[in-house]
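> Would you be able to build a 3D model of this:
(chains A and B)
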Amino acid sequence: MAKSIPAGTRDVLPDEMRELRAIEAALAEMFEREGYGEVQTPVIEYEENPPPGAGRAGASRYRFYDETGAALALRSDMTEPIARLVANRFADHEGPLRLRYSGRVYRPLRLQGAEMRELHQVGIELIGAEAPAGTIEVIRLLVAALDAIGLQRAVVGLGDADLFGQLLDELRVEGAAKERILSCLAAHDFVAIEAEAGDLAGIDEEARRTIVTLSNLRGGSEVLARAKELGGAAVERAASRLEETYTGLEELGIADRVQLDFGLLRDLGYYTGAILEVYDPAYGDVLGGGGRYDGLLGAFGRPLPAAGFSLYLDRLHIAQAAEQERAS
Amino acid sequence: MNPASQGISGEGLRLAMPRGALFDPCLDMLDRAGFDTSEPRSGSRALIFDLGELTIVTVRPSDVPTYVEAGAAGLGITGKDVLAEQSDRAVYELADLGFGRCRMVLAAEAGSDRLAEAERRLGRMRIATKYPRTAEEHFERTGRQADLIEVKGSVELAPLVDLADGIVDLVDTGRTLAENDLEVVEEISVCTARLIANRVAHKLRVDEIDAMVERLRTAAADSP
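Presented below is the predicted three-dimensional model:
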């Protein structure tokens, strides 16, 4: 028999394909109705994109050279190519731009765990709309997307990407120590956070408790007051921004689908302000995520505020199958 | 139903517990936290025990992160040695429970300079271990080269039959090392039992998880 396929990739046969296409179609129909037009970008891109300063946090990509010696990479994410596309193709567009996509991204495998190196992402980008209105629209579409495919129990986590960076600045934690704490927070390694923060010269017991408490603070609107009690400009700023967004979600009647989470950190470096993660009780990992990336388009020479989300098609399918089985 | 969903959305919380050296201290902690552990203590060969608010599933220590990452259990307990070796696992490390204290060490034949000689003359040491990533990181960090030989059990045997010049292994009392005429050359880290959580369970079952973490953490701290 012929050699099969590389680890972290899959063949899809007709029964599964039909269901995946049905999910894509349900999402496409809803996005289209909301005014989001589909775009496609190449799977291969120049390695130099996104430009330095775009905040890529070392998410690794498959890299190779073309016949002229130019360094290329397989896209590992859809947001960066779309930011590039907007800078190239909509240089004079006044915005806001509403774009959607459905396509595959490629990431090197982790050594352990059942990670895929080829993943299919479906999502939207709303470019040229500021916070909080733009963020609220993106979350409204995210909830509508989950509803459209039968994931009514799914919850959207909403956090603030700038919170811990600013908080550590405020506490005068800099350089390697700051990076180390941020990486512990991203991994939710609370044991290391307590140990690291305890070891830092100049950090008092109260500051240490603030970091640990914040990183575990998640829930409904009640957590806003609890965060504000901790004090400090960074916490105050994040809490106010979250409150603004949350109030908008309450007015839309979808706040019960959103969980405020002061401990949320995404590992992609380009996020600013609001960040999102999606959870469903029928699936053990996140279904997707997103947030604001107000600095990314500027790195491509077209400074515009922006936000979006992407969902992993395979994970949506597994969660949908589990929810259907639960309902039957 | 998808088993992963039960670990997150089932009735009560599910805790993956390690069989082996950490099993009894875990049960002692659960006793102090007010759970009735007579069933799991009865020597029963069952793998799942219902303790009311908590259901425990008993697995190999190195399998705990696997169950928790997938959401088959919302919470888990395992040694830091296992977590360090499986650092890619996307699980939340919530608390250091303090018990099960062991040391990760580099050990070699007592009174012999075989390790140093291998390094000096051959440029590298042959090291047998069940913890290849931990060992690799240690040698990398300390600027030395090692040929790592992964074995699944009885690591102490390797230097005795010249499979390796030394071993990297977890040591509790050090008796096994002494019995095999080995001695600690370097201490790499100190490992204790850790409470870990599935990331989705941690987000979706906030009150239950936070209350259980506090209860277990308090019980662990009350250790005599």
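
> What's the local residue count around the residue of chain B found nearest chain A?
At 2.3 Å from chain A, residue B:71 is the closest residue in chain B, using Cβ to the nearest Cβ. To be clear about C-beta, it is placed using only N, CA and C from the backbone, and glycine gets the same treatment. Residue B:71: 25 surrounding residues under other Cβ atoms under 10 Å in any protein chain shown.

> and what of residue A:12?
Residues lying near residue A:12 (other Cβ under 10 Å) number 13.

> which ones are touching the closest residue to it other than its chain neighbours?
Leaving aside its sequence neighbours, residue A:12 sits nearest to residue A:20 (Cβ to Cβ, 6 or more residues apart in numbering or on different chains; 6.7 Å). Residue A:20 is in contact with A:12, A:120, A:313-314, A:317, counting by Cβ atoms under 8 Å, 6 or more residues apart in numbering or on different chains.

> Find the closest residue to chain B in the stretch 151-300 of chain A.
residue A:284 (2.3 Å).

> Quick check, pLDDT for that residue.
pLDDT, residue A:284: 91.

> cool, residue A:3 as well?
87.

> Might you report the residue contacts of it?
Residue A:3 touches nothing, counting by Cβ under 8 Å, 6+ apart.

> what's the spacing between it and chain B?
26 Å (Cβ to the nearest Cβ, to the nearest Å).

> Give me the secondary structure label for that residue.
coil (DSSP: H, G, I helix; E, B strand; the rest coil).

> Then residue A:248?
Per three-state DSSP, the secondary structure class of residue A:248 is helix.

> How many neighbouring residues does it have?
19.

> ditto for residue A:209
Residue A:209, neighbours per other Cβ under 10 Å, totals 13.

> before we move on, back to that, nearest spatial neighbour of the residue of chain B closest to chain A, skipping sequence neighbours?
Using Cβ to Cβ, 6+ apart, the closest residue to residue B:71 is residue A:284 (2.3 Å).

> For burial, what's the neighbour tally of the one you found?
Residues lying near residue A:284 (other Cβ under 10 Å) number 30.

> any idea how far it lies from residue B:220?
Distance from residue A:284 to residue B:220, counting by Cβ to Cβ, to the nearest Å: 25 Å.

> Please apply the same query to residue A:326.
Counting by Cβ to Cβ, the gap from residue A:326 to residue B:220 is 35 Å.

> Between these two, tell me which one has more neighbours.
Comparing residue A:326 with residue B:220 by other Cβ under 10 Å, the one with more neighbours is residue B:220, at 23 against 14.

> For that one, report the pLDDT, please.
Predicted confidence (pLDDT) for residue B:220: 93.

> same check, this time on residue A:112
Note on residue A:112: pLDDT of 56.

> hang on, the earlier thing: any idea which of the contacts of residue A:20 is closest to residue A:156?
residue A:313 (17.7 Å; Cβ to Cβ).

> burial of that closest one, as a residue count?
Residue A:313 sits with 22 neighbouring residues when counted by other Cβ under 10 Å.

> pLDDT weak spots in chain A?
A:53-59, A:110-114, A:197-202, A:267-268 (pLDDT under 70).

> give me the beta-bridge partners of the residue nearest to the spatial centre of chain B?
The residue lying closest to the centre of chain B (Cα atoms, centre = their mean) is residue B:79, at 2.6 Å. On the basis of DSSP bridges, residue B:79 is bridged to residue B:193.

> And for residue B:149?
Here residue B:149, judged by DSSP bridges, has bridge partners residue B:128.

> So residue A:98 belongs to a strand, correct?
Yes - the assignment for residue A:98 (three-state DSSP) places it in a strand.

> what's the burial count for the closest residue to it other than its chain neighbours?
Of all residues not flanking residue A:98 in the chain, residue A:36 sits nearest, at 4.4 Å (Cβ to Cβ, 6+ apart). A count of neighbours around residue A:36, defined by other Cβ under 10 Å, yields 22.

> Am I right that residue A:36 is in contact with residue A:101?
No - Residue A:36 is beyond contact range of residue A:101, at 9.3 Å (criterion: Cβ atoms under 8 Å).

> shared neighbours, the two?
Residues touching both residue A:36 and residue A:101 by Cβ under 8 Å, 6+ apart: residue A:124.

> ok so, going back, dump the contacts of residue A:20 to JSON lines, plus secondary structure.
Shown next, in JSON lines, are these (three-state DSSP):
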{"residue": "A:12", "secondary structure": "coil"}
{"residue": "A:120", "secondary structure": "strand"}
{"residue": "A:313", "secondary structure": "helix"}
{"residue": "A:314", "secondary structure": "helix"}
{"residue": "A:317", "secondary structure": "helix"}
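
> Let me see the domain layout of chain B.
B:3-101+B:192-221, B:102-191 (automatic domain parsing).

> So is the longest strand seen in chain B next to chain A?
For chain B, the longest strand by residue count, based on DSSP state E, is strand B:182-191. No - judged by Cβ under 8 Å from any Cβ of the partner chain, strand B:182-191 stays clear of chain A, getting no closer than 11.5 Å.

> For that strand, which strands pair with it and how are they oriented?
In the sheet, strand B:182-191 lines up against strand B:102-109 (antiparallel) (DSSP bridges).

> Now do the same for the next helix or strand after the partner strand: mean pLDDT, whole number.
Moving toward the C-terminus from strand B:102-109, the first helix or strand encountered (DSSP states H and E) is helix B:114-117. What helix B:114-117 shows for mean pLDDT is 89.
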